[in-house]
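Asks: below is the sequence, then the predicted model.
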Amino acid sequence: MKTVVVIGGSTGIGSAIAQAFAGQGAEVHVTGIEAPDAMQVQGVAGRHQLDVRNERDVARFFEAFSHIDVLINCAGVIQREGREFTPEVFAGVIDINLNGTQRCCQAAHQALKAAGGCVINTASMLSFFGSGHAPAYSASKGGIAQLTRSLAIAWATDGIRVNALAPGWIATDLTSTLTQDTERSAELVGRTPMGRWGKPDDITGPALFLASPGAAFVTGAILPVDGGYSAR
């Protein structure tokens, strides 16, 4: 049975991915910032409260695992209304989205090595495009792409593959202000060749693929799952 850890797996894309792996028979552990009994994710083996900003807590969490077959990093935040332009908020977003991902990867390294496991990070279409509204989020996701490529090179000799998914506009709590804005939502859907918002379940198939034997020679890839948004 595979051991799968989904950081930020209590809601949204992370929750959908966690449940998809559980449905494949994996032992899935999810983390979230909220208390375990408040997490809505179903069918998983363990729910754990974890703040990815706390290096000591991250290290302690991963010490419990002798091996990890799949590590999925989905913890992330975005701040709107121009708040990301302030140094404090900018640094806070980077600390969760980018530094938090690196903390988890590094803390899980030995357990991943023991299993010959793989890492799936969460990038974004904003890994490729800039954002005039969310500079910290965009910068963090650009950093995730380069972190993914760098770890893929560094850890290949350990038998660890490192890839990232780059979701497009996915309807989650994180994007609720946009889905509820009729004019802005229409603009985004109009820019997306497939003509709709993505759903968290649209990300699960690509995640399962990247963790499968079918992706045995895939590492350092940033896979867009965006309905064709980045093709324009």
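Replies: All right, it came through fine.

Asks: now do the same for Asp202: its pLDDT.
Replies: Looking at Asp202, its pLDDT is 97.

Asks: not counting sequence-adjacent ones, nearest residue to it?
Replies: Val225 (6.3 Å; CB to CB, 6 or more residues apart in numbering). (Each C-beta comes from the backbone N, C-alpha and C, glycine too.)

Asks: that neighbour: how many residues sit nearby?
Replies: Applying other CB atoms under 10 Å, we find 21 residues neighbouring Val225.

Asks: what does Lys2 give?
Replies: Count around Lys2 with other CB under 10 Å applied: 16.

Asks: quick check on it: phi, psi?
Replies: As for Lys2, its main-chain torsions (degrees, to the nearest 10) stand at phi -70, psi 140.

Asks: and stretch 111-118, how far from the chain's centre?
Replies: Here stretch 111-118 is found 18 Å from its chain centre; the criterion is CA atoms, centre = their mean, to the nearest Å.

Asks: what's that stretch in contact with?
Replies: Contact with stretch 111-118 is made by 3, 62, 65-71, 119, 155, 158-163, 210-211, 215, as judged by CB atoms under 8 Å, 6 or more residues apart in numbering.

Asks: go again using 7 Å as the cut-off
Replies: Stretch 111-118 is contacted by residues 62, 65-71, 119, 158-161, 210-211 when judged by CB atoms under 7 Å, 6 or more residues apart in numbering.

Asks: tell me who's in contact with the residue lying farthest from the centre of the chain.
Replies: Within the chain, the residue lying farthest from the chain centre (CA atoms, centre = their mean) is Glu183, at 27.8 Å. For Glu183, no contacting residues are found, by CB under 7 Å, 6+ apart.

Asks: any buried residues in stretch 98-108, and which?
Replies: Under the neighbour-count criterion of 16 or more other CB atoms under 10 Å, stretch 98-108 has Leu98, Asn99, Gly100, Thr101, Gln102, Arg103, Cys104, Cys105, Ala107, Ala108 buried.

Asks: does the first one touch Ser138 like I think?
Replies: No: between Leu98 and Ser138 there is no contact under CB atoms under 7 Å: 11.2 Å.

Asks: so which residues make contact with the helix or strand of the chain with the lowest mean pLDDT?
Replies: Least confident helix or strand of the chain, by mean pLDDT, DSSP states H and E, is helix 176-179 with a mean of 77. Residues external to helix 176-179 that are found in contact with it (CB under 7 Å, 6+ apart): Arg80, Ala171, Arg184, Ser185, Leu188, Trp197.

Asks: quick one: it to chain centroid distance?
Replies: Once both centres are worked out by CA atoms, centre = their mean, helix 176-179 turns out to sit 19 Å from its chain's centre.

Asks: how far does the longest helix along the chain sit from the chain's center?
Replies: Using DSSP state H to define each element, the chain has its longest helix at helix 135-155. In this view, helix 135-155 has its centroid 12 Å away from the chain centroid, taken as CA atoms, centre = their mean.

Asks: pull the residues that contact the helix or strand following it.
Replies: Toward the C-terminus, helix 135-155 is succeeded by strand 161-167 as the next helix or strand (DSSP states H and E). Applying CB under 7 Å, 6+ apart, the set of residues contacting strand 161-167 from outside is 13, 118-125, 127, 144-145, 148, 151-152, 155, 198, 203, 206-207, 210, 218-226.
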